[in-house]
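Visitor: Sharing a sequence plus its predicted fold:
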Amino acid sequence: MSALSYLDAGRLALQQEMRRDPLVWALGEDLGRGGVFGQYKGLVEEFGPERILDTPISEAAIMGTAVGAALVGTRPVVEMRFSDFALCAVDELVNQAAKARYMFGGQGRVPLVVRQPSGMWRSSAAQHSQSLEAWYAHIPGLVVVTPATPADNFGLLKAAIRCDDPVVYMEHKDLWGISGEVDESAPPLPLGKARLVRRGEDVTVVTWSGMLRAVEAAADLIKGDASVEIVDLRTLYPWDRDTVLSSAKRTGRLLIVHEAVETGGFGAEIAASAGEALFGELKAPVRRLGAPRIPIPYAPPLEDICRVNPAQIAAAVRGLLR
Amino acid sequence: MSALSYLDAGRLALQQEMRRDPLVWALGEDLGRGGVFGQYKGLVEEFGPERILDTPISEAAIMGTAVGAALVGTRPVVEMRFSDFALCAVDELVNQAAKARYMFGGQGRVPLVVRQPSGMWRSSAAQHSQSLEAWYAHIPGLVVVTPATPADNFGLLKAAIRCDDPVVYMEHKDLWGISGEVDESAPPLPLGKARLVRRGEDVTVVTWSGMLRAVEAAADLIKGDASVEIVDLRTLYPWDRDTVLSSAKRTGRLLIVHEAVETGGFGAEIAASAGEALFGELKAPVRRLGAPRIPIPYAPPLEDICRVNPAQIAAAVRGLLR
Amino acid sequence: MAGPVRANFDAERMLDHFRMMNRIRAFEEAAEAALKAGEVKGAIHLSIGQEAIATGVCANLQRDDLIASNHRGHGHTIAKGASPAAMMAELFGRATGTCQGKGGSMHIADFTIGMLGANGVVGAGILIAVGAAQGVKLRRERRVVACFFGDGAINRGPFLEGLNWAKIYTLPVLFVCEDNGFAATTRTSSLTAGGGPDARAASLGIPATIVDGNDVAAVDDAARELTQRIRAGGGPQFLLARTYRLKGHTAADVAAYRSAEEVAARQQDEPLRRCAEALTLNGVREDRLAGIVEAAQQEMAAAADAARAAPWPDRALAWADVQDIGAPVEAVR
Amino acid sequence: MAGPVRANFDAERMLDHFRMMNRIRAFEEAAEAALKAGEVKGAIHLSIGQEAIATGVCANLQRDDLIASNHRGHGHTIAKGASPAAMMAELFGRATGTCQGKGGSMHIADFTIGMLGANGVVGAGILIAVGAAQGVKLRRERRVVACFFGDGAINRGPFLEGLNWAKIYTLPVLFVCEDNGFAATTRTSSLTAGGGPDARAASLGIPATIVDGNDVAAVDDAARELTQRIRAGGGPQFLLARTYRLKGHTAADVAAYRSAEEVAARQQDEPLRRCAEALTLNGVREDRLAGIVEAAQQEMAAAADAARAAPWPDRALAWADVQDIGAPVEAVR
Ligand SMILES: Cc1ncc(C[n+]2csc(CCOP(=O)(O)OP(=O)(O)O)c2C)c(N)n1
Ligand SMILES: Cc1ncc(C[n+]2csc(CCOP(=O)(O)OP(=O)(O)O)c2C)c(N)n1
Ligand SMILES: [Mg+2]
Ligand SMILES: [Mg+2]
């Protein structure tokens, strides 16, 4: 056990997996200098430039060549720098990586991880701030992972790298600096399992990635009036239906909170599923809290409008209890 | 009034808009030979090769240059050939077209239409069959239109071309050949308004695009046992909340049917919204019917598994009535 | 057309080429007939007239070498050694197909002979081939990856990104551009600026070798030279093969955008005929050639019969090979 | 460095260049200071050392000509005629910014002077510029569109697709590649195969003119020639300007990946100094130059003060200009 940042936990996970399996390698822009956020610092020194590959600004090729390299049995870790730039490589991820195994009748496998640093981060504006996890959860063949803590970034990245199918791995840029206890010898975490962050009796709040901190803060704000159960989904696809539904069934109330745009966000899938499965068993309607459907503006006071905050979450919880 | 095919209705709409406004033009592969499905037949003869532009196989440029041409005040109609190929131009549509007006503080407008022929069509397999409308509905700045009939393809395409914001216009490939009455002098249809296809008392079924026919067939199948109200959403964003919710409130039961993968499909948004707005007012849980989360296989018997059929819809309706 | 009698003429190798080209031709003619008969449902793109390129290139590949193809991939796949029977079954959508009927013509693959897949997206195979070559290099293997694409694909970004990539990392890729003059229904000349595929390749540090793509011996010779360079560690090489697509873009395309005269003229130049002329000119007996043609047609007729008789894929296959974690289960609706 | 005394030396034009380059330099130094002071929140990319390119190119553009830029666009925008005060306010995220504070440094635009936007996506501006040129042509207007991008952008697909497009449709685009040797923290030489930007442009039918991008007179002369060709209907032209990025990739990057000596050496060669040398060599008095520098610094200090004092955008602005139909309304939470 030691205190690690979310960023260092991810780096350690990659380092351990690269030591464990010589077929694991990483590719992306500026990785030789540690990557744009420092997630790869020191790795080229240990593993050399062939396994920590500096690439041109060629997102389509970064993603597309990784598919080919995966089909011949290597395990690429693809660095997209910002999830927004992954939009330059969607054919390669969605038409190729996600479908190859199936289209070829199981002949090939695509064991790659595409890291897509996501979310809002100090006035990065509309092209450097998006949260598009709902897109990938909609695509057959993809696994979607959204770690919220250093320990999870360690355990989930290891699991993603060992997964034999393509994994969209969305680290949140605003979490790089947060620190937490990480067991450096812990095994990979199971993909598809949510984490019960806090037990509670009155309301279940399901969240993931950067929003977990806001939900915890909101729960503290209203400790007196409401006992909130917090579930961190961790993996969006496959999502942990059992944990979410059994919790919601017990508390009788469900709120889903995510940073992504609310309209068409993954919260809708959870709400729709819960509404159907728990029809007649809930004390209040299933609520969602997400960003308004507007591009993310630059100016801090406007950007804050896109960021669901603890006060809004607390109000929503109160609303469910009313 | 005359009987037109869905394909010809779209072509007529474009022709009328190009006659009406010299700044309307179309670009895409093979348009000079009528386009891959014949949607542009005869137009180059009338409007010339500059306004019916044959392009290289450069989807990123087809979409990206249209953004620039729209910013200087022309009105491009972008032909993507298959919606699947639009995945080669996602940065241009989502990071540029959808956000330019907003990022620039309203200085520029992007009045373009991107036609994305969508859906399953005689064994076209995983890379030529997708329905990704849910993706675009999630993106601020985009309007999403999914016509289901010849009359709608006429009226909605005209409206899309006159819209001053980027419109993702998804025609269904399996509908090209269907014929219906079209008033060739009708004005554009309002975007964002659903169509009440059939009045009914027991269950509201909301659908769009290619699935409308299956829903109508299902309603016929169970005419005796159930009176089904059918709503064709027509526009996915903005979607016609009032029509859907008031109908569901009246019938007390709501089923959403779409061809897209059910997980994370736009049906989830509608179900989540209805579940919240009509909590306690429905007689049955809101149900969704969509494709399983698998890439679309080639072999007809397997492809059929991805295609929601009238029998399944009828069974779902019966289930709601049970 | 056939060129002079050659001193170093290798009749046996040329006969192998003739046999392979006829098998590809016969396969596609059988597939076309099945499509017209409504037995093959999905679109198919015929390489009739272009067989010499697949044949000449793959004659220089070993079994464990790799290829990535495009939408017009039947010839590449047969030439690399796939079973036409399994391929035909795939076109018919049967369980015995190379992909269990889940892929169809545009997604034919046979990993057992190093065929990494046709592709429904123009240009996408380029990046897959380059990446496969990078994987091969990382694994310290000595395999060559051949990548087939058309003259229309050079206008897509992946062409630039993939060639630049292969060159800076010195990857073992043979880029094969099949220049048949068309992108679907449009002449590529009108859509392609500058000097074309060879000029672009050269500007990316990969000088092109240009061959008459309808002369199978010329393709064979060029591919031998280029694959040898690659095996010697010379990095990516580029072969530009000029040819002509005798059929429509898809089997459904009547190609009204070009004259019957144009097509008739190019028929004179088609690779099977030229190969036959060269063989007879060099003393191979007509009846021997006729026997090869006959055998090829019989093989593919049998392949079609077998496909016709083969079972449809089991429903359960639809749910298989999606993904290990979170694979959907058949919903009971 | 400064080159000889020139007979045809146009002192007034050179002084205009000197003034413009100093205004760009002063703007970015003020912006950098504001960022370090925590007043500017988003990342900014400084073009310090590259001012001659924006200045020399835009000196040949008229007000109704257009430009599209990239992430390093302050210089292009000022040189095209935008108000530095409004630009500075944009960096501060204020309502008085060019984009009402909604865009920030990477999305600065000023349509009133034909600046169609910086861009956060490398290479994206190329397609927007080419499309704007196509729109201009469709409208039968005579405007030129200049497109600024870096040497790293030539490895993205849009470079190929955009140049091919501009050439086949003979569009009025001036492509300006600012080759500063780096793509973020990586030297582009290690990532770029073949002959580089000029070789690629030539292969796409657009031969490049290569200039010393730190010699503003040379850039001016080359841009004059190229824009004249475009206005004469000559179609797209390509200018490759060699320069050096004196600061880090972003204002936060200390650029530890290169030596202090390397940077010091390049400092000798930076465009403002060279322009000043040329002017003095040609008889312009030192104090006149000092006055220009002084004025530029005062202008930008005032711009920063105004930005500091300017109001934040009203909350309602967040909901404006999303889209006409289906625009979200502020949710009451
Ligand atoms: C990205 C993309 N755009 C368009 C298409 C439709 N399409 C399929 S084949 C083809 C023409 C390709 O021309 P070329 O690369 O020369 O290959 P050829 O068909 O001539 O063998 C087109 C436009 C596609 N499959 N993928
Ligand atoms: C598609 C995309 N990939 C990566 C980035 C991150 N990025 C921003 S600027 C830059 C370097 C660009 O180099 P160059 O084009 O030479 O311009 P310069 O910064 O040198 O002016 C990178 C990699 C991006 N913004 N967009
Ligand atoms: Mg071709
Ligand atoms: Mg650079």
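Guide: On my side now, so go ahead. Residues are numbered from 1 along each chain as shown, chains lettered A, B, ... in the order given. Ligands and ions are numbered 1, 2, ... in the order given.
Visitor: Flag every residue of the stretch 1-150 of chain C that's near ligand 1.
Guide: Residues of the stretch 1-150 of chain C found near ligand 1 (CB under 6 Å from any ligand atom) are C:71-72, C:120-122, C:149-150. (C-beta placed from N, C-alpha, C; glycine too.)
Visitor: run the last query once more with 5 Å
Guide: C:71-72, C:121-122, C:150 (CB under 5 Å from any ligand atom).
Visitor: Neighbour count, distance to A:Phe82 and secondary structure for these - can I get that in CSV?
Guide: Shown next, in CSV, are those (neighbours: other CB atoms under 10 Å in any protein chain shown; distance: CB to CB, whole Å; DSSP: H, G, I helix; E, B strand; the rest coil):
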residue, neighbour count, distance to A:Phe82, secondary structure
C:His71, 24, 32, coil
C:Arg72, 25, 36, coil
C:Val121, 26, 24, coil
C:Val122, 26, 27, coil
C:Gly150, 27, 33, strand
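Visitor: near chain A, which of these show up?
Guide: Subset of those in contact with chain A: C:Val121, counting by CB under 8 Å from any CB of the partner chain.
Visitor: Same list (the residues of the stretch 1-150 of chain C next to ligand 1) but as CSV, adding pLDDT.
Guide: Output for these, formatted as CSV (pLDDT from 0 to 100):
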residue, pLDDT
C:His71, 98
C:Arg72, 98
C:Val121, 98
C:Val122, 98
C:Gly150, 98
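Visitor: which one among the residues of the stretch 1-150 of chain C next to ligand 1 gets closest to A:Leu156?
Guide: In terms of CB to CB, no member of those lies closer to A:Leu156 than C:Val121, at 30.6 Å.
Visitor: Single out the residue in the stretch 101-250 of chain C that lies closest to ligand 1.
Guide: C:Gly150 (2.3 Å; CB to the nearest ligand atom).
Visitor: what's near enough to touch the closest residue in space to that residue that isn't next to it in sequence?
Guide: Spatial nearest neighbour of C:Gly150, chain neighbours left out: C:Glu178 (5.3 Å); criterion: CB to CB, 6 or more residues apart in numbering or on different chains. With contacts defined as CB atoms under 8 Å, 6 or more residues apart in numbering or on different chains, the neighbours of C:Glu178 are C:50, C:53, C:72, C:148-151, C:213, C:241, C:243.
Visitor: Mind pulling up the pLDDT for C:Glu178?
Guide: Reported pLDDT at C:Glu178 in the predicted model: 98.
Visitor: what does C:Ala256 give?
Guide: Confidence score, pLDDT, at C:Ala256: 94.
Visitor: ok, and does the helix or strand where the residue nearest to C:Gly150 lies reach over to ligand 1?
Guide: Secondary structure assignment for C:Glu178, by DSSP states H and E: strand C:173-179. No. Counting by CB under 5 Å from any ligand atom, ligand 1 is not contacted by strand C:173-179; separation bottoms out at 6.0 Å.
Visitor: Distance check, the residue of the stretch 101-250 of chain C closest to ligand 1 against A:Ala291.
Guide: Applying CB to CB, to the nearest Å, the value for C:Gly150 to A:Ala291 is 43 Å.
Visitor: just C:Gly194 next, same as before
Guide: For C:Gly194, the distance to A:Ala291 - CB to CB - is 45 Å.
Visitor: Also A:Glu201?
Guide: For A:Glu201, the distance to A:Ala291 equals 29 Å [CB to CB].
Visitor: Looking at the two, which is more packed in?
Guide: For A:Glu201 versus A:Ala291, neighbours defined as other CB atoms under 10 Å in any protein chain shown are more numerous around A:Ala291 (23 against 12).
Visitor: Please name the nearest non-neighbouring residue to that one.
Guide: A:Cys306 (4.5 Å).
Visitor: residue contacts, residue 227?
Guide: Answering for chain A, as no chain was given. For A:Ser227, the contacting residues are A:200-203, by CB under 8 Å, 6+ apart.
Visitor: hmm, I had chain C in mind actually
Guide: By CB under 8 Å, 6+ apart, the contact set of C:Thr227 is C:60-61, C:144, C:174, C:237.
Visitor: again, only using 7 Å
Guide: Neighbour list for C:Thr227: C:60-61, C:144, C:174 [criterion: CB atoms under 7 Å, 6 or more residues apart in numbering or on different chains].
Visitor: Done for today, thanks.
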